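Chemist: fold the following, please.
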Amino acid sequence: MKKTIIKILGIFMILFVVSCDEGIDPITEVDPGSDSGAPTVEIIYPTEGTEITGLELVVPVDISFRVEDDIEVNTIVVTLDGVQIASYNTFLDYRIVNEEFTYDSLTSGDHVLIVTGTDLAGNSTSATVNFSKAPPYEAIFPGEVFYMPFDGTYTELLSITDAGEVGTPDFAGEAFAGSNAFRATEDSYLTFPIDDLMFGANMSGAFWYKVNATPDRSGILTVGDNADDRLQGFRLFREGNSAEQRIKLNVGTGDGESWNDGGLIDVAAGEWVHVAFTISPTQTVIYLNGVAVNTGSPANAIDWTGCTEIHIGSGGPTFDYWNHLSDDSAMDELRLFNTTLSQAEVQNMINVTNPYEPMYNGETFYMPFDGSYTELISLNMPTEVGAPGFAGESYQGSDAYMGAADSYLTFPIDGLFGTDSFSATFWYKVDSTPDRSGILTVGDDADDRFQGFRLFREGSATEQRIKANVGIGGGESWNDGGVIDVTAGEWVHIALTVSATESKIYFNGVEQLSSTFATSVDWTGCSEIVIGAGGPTFSYWNHLSDLSAFDELRLYNVALTQAEIQDML
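Modeler: Okay, here's the model as predicted:
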């Protein structure tokens, strides 16, 4: 009986196996064939030209790639700048390999990433990607050795070094640029070592500042060796009242000290003011918004003996007497330099960090002449011919332009004027010596006046007539403008507008004369504007260099209306 049961179970198992195999093809070995080619390699990230950013000098980067082969991938090698940083020889899928890993030590600069895949037959393929790691910050001004933007950190970006914190320094919750600014708060400030800043006999500092008159005095930037005297380092500080605060500078010269009583900031205005100071062996200068407000005359160069750190936002332990304690004002974009900046360099820094935005319809050019000839929309400089200079006075700002004999400025006109219309405006204090001169000139040559335009003056010791000539291709159009009273010695706003059909000259927003023409201005062959002279295309009839002062020069690619001109006054 037992044997019978075993036989029945055996038959049942056979029937079960047969039924399970029913409808399924048997597994057969397939010959993969011969290896017909090398692997394909694709670098997914970084891609060609990728720029990795970050405030740190060394950052991580995620690297990903794909390797495929028709038979089997044997090995994969990854190199960065010629050094192997990863390799693989075991894969879940031997034909299609997707890998990603993080490389933790990417430094600033240009890099070459190569991924090489090799199959069982020894065929290899490499893919290459060029990418870069941007430095956290590169100095953008000559002599710049320190930059702290205060955008949520106290990191100095050239060295990637954090400042030391004393007390509980804070952020202002507002900024001139970026996301935040620094505010020291009571009994608090920042410290930073100066050894690597390479200060010598020449140094400068600059920052944007919104003063808080409470407390009524404070230290701002201080470098000293001790509190016993002020014979080493420097002290930039403020003193005043609720209405005005004076920015001052004290410099130690070893066996003495030099004082600079600086200039005043209007507290009630509540505005950001650009503060800069410069130190040389013979002079210190304090600038407010690019204007030199005061100078000092040290007997010797600054003495750094025993000085090890700068205190930011306070008089610190070497200058906390006389109540020059912590500053509750907002400071932003702090820069230090191991050179003595010129006024032009200070003004350029302001232009770069606070770019000018055109204010008027069609404005393409603005040259305020505040200690430099920088054109503020393009931030380009004109070419100086001869020895042009400054007037030592201005209608607005810190200075104005004044030419000299055989001297003027030139500037490319590409993009400045409209095809058939344009305007020019400026403030002008006429000097009748010489009795005639060019003011603004655009021409192609001196053979005729059929292209461009010429704004000039002619007259006597008592009155000068402002005139314009416009080249219209086959001819020219004259506009005899109006007369300025030389003896008044006043600044006059002059505007020239040219449309497709007429030119107009305005004094202080009042039209003096218009002139019509049938053909619009012709710019053929014209490449530059001459400022302050007739220049090479209009020096005849003695329209030479102008010794008058002019300020706030603007050019436009439209013909301004009288209302638009009056809005400028």
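Chemist: any regions of this structure where pLDDT drops low?
Modeler: When residues are selected by pLDDT under 70, those of the chain lie in 1-35.
Chemist: which residue is nearest the centroid of it?
Modeler: V352 (3.8 Å; Cα atoms, centre = their mean).
Chemist: beta-bridge partners for G459, please?
Modeler: As for beta bridges, G459 partners with Q464 under DSSP bridges.
Chemist: my guess is it contacts V483, does it?
Modeler: Yes. The criterion here is Cβ atoms under 8 Å, and G459 meets it with V483 at 7.2 Å. Every residue, glycine included, has its C-beta placed from N, CA and C.
Chemist: can you list residues touching both of those two?
Modeler: Listed as contacting both G459 and V483 by Cβ atoms under 8 Å, 6 or more residues apart in numbering are R465.
Chemist: counting neighbours, what do you get for the residue nearest to C307 when sequence neighbours are not counted?
Modeler: Leaving aside its sequence neighbours, C307 sits nearest to G233 (Cβ to Cβ, 6 or more residues apart in numbering; 4.5 Å). Using other Cβ atoms under 10 Å, G233 is surrounded by 27 other residues.
Chemist: for G233, give me its contacts.
Modeler: With contacts defined as Cβ under 8 Å, 6+ apart, G233 is in contact with 222-225, 251-252, 302-304, 307, 318.
Chemist: ok, it to E309 distance?
Modeler: Remark: distance between G233 and E309 (Cβ to Cβ, to the nearest Å) = 10 Å.
Chemist: got any residues that touch both of those two?
Modeler: With Cβ under 8 Å, 6+ apart as the test, G233 and E309 both reach V223.
Chemist: so D216 sits right up against F237, yeah?
Modeler: No. Proximity of D216 to F237 does not meet the contact threshold set by Cβ under 8 Å, at 11.7 Å.
Chemist: more crowded one of the two?
Modeler: Taking other Cβ under 10 Å, D216 and F237 do not tie; F237 has more neighbours (23 against 12).
Chemist: name the SS class of that one, please.
Modeler: strand (DSSP: H, G, I helix; E, B strand; the rest coil).
Chemist: helix/strand/coil for D196?
Modeler: D196, by the three-state scheme (three-state DSSP), is helix.
Chemist: pretty sure it sits against S159.
Modeler: Yes. Using Cβ under 8 Å, D196 makes contact with S159 at a distance of 6.6 Å.
Chemist: so for those two, which sits in the more crowded spot?
Modeler: Taking neighbours as other Cβ under 10 Å, D196 and S159 compare with S159 leading, 17 against 12.
Chemist: name the SS class of that one, please.
Modeler: Quick answer, by three-state DSSP: S159 is coil.
Chemist: need phi/psi at it.
Modeler: phi -100, psi -10 (degrees, to the nearest 10).
Chemist: and what of the one 3 residues further on?
Modeler: With angles defined as degrees, to the nearest 10, D162 sits at phi -80, psi 140.
Chemist: buried ones in stretch 500-512?
Modeler: 503-507, 512 (16 or more other Cβ atoms under 10 Å).
Chemist: measure stretch 304-321 end to end?
Modeler: Stretch 304-321 has an end-to-end distance of 20 Å (Cα to Cα, to the nearest Å).
Chemist: ok, now which ones touch P39?
Modeler: Listed by Cβ under 8 Å, 6+ apart, the contact set of P39 reads 67-69, 73, 117-119, 123-125.
Chemist: run the last query once more with 6 Å
Modeler: Shown in contact with P39 (Cβ atoms under 6 Å, 6 or more residues apart in numbering): 67, 69, 73, 117, 119, 125.
Chemist: check P368 too.
Modeler: 397, 552.
Chemist: make residue 1 into 845 and carry on from there
Modeler: Got it, the first residue is 845 from now on, which makes the last one we talked about P1212.
Chemist: measure it to L1253 for me?
Modeler: Distance from P1212 to L1253, by Cβ to Cβ: 13 Å.
Chemist: cool, S976 as well?
Modeler: Counting by Cβ to Cβ, the separation of S976 from L1253 is 39 Å.
Chemist: more neighbours, these two?
Modeler: L1253 (25 against 16).
Chemist: return the distance of the helix or strand where the more buried one lies from the chain's centre.
Modeler: Assigned by DSSP states H and E, L1253 falls within strand 1252-1256. Centroid separation for strand 1252-1256 versus its chain: 23 Å, with Cα atoms, centre = their mean, to the nearest Å.
Chemist: likewise for stretch 1104-1116?
Modeler: On Cα atoms, centre = their mean, the centre of stretch 1104-1116 falls 25 Å from the chain's centre.
Chemist: buried sites along it?
Modeler: Those would be 1104, 1106-1107, 1109, 1111, 1116, for stretch 1104-1116 by 16+ other Cβ under 10 Å.
Chemist: tell me where the stretch 1195-1344 of the chain has helices.
Modeler: Assigned by DSSP state H, counting those that start in this stretch, the helices in the stretch 1195-1344 of the chain number zero.
Chemist: for it, what spans make up the strands?
Modeler: Using DSSP state E, counting those that start in this stretch, the strands assigned to the stretch 1195-1344 of the chain run over residues 1207-1211, 1227-1229, 1233-1234, 1245-1246, 1252-1256, 1266-1273, 1280-1286, 1297-1303, 1307-1315, 1320-1329, 1336-1342.
Chemist: for V903, find the nearest of these.
Modeler: Closest to V903 of these, according to Cβ to Cβ: strand 1207-1211, at 40.1 Å.
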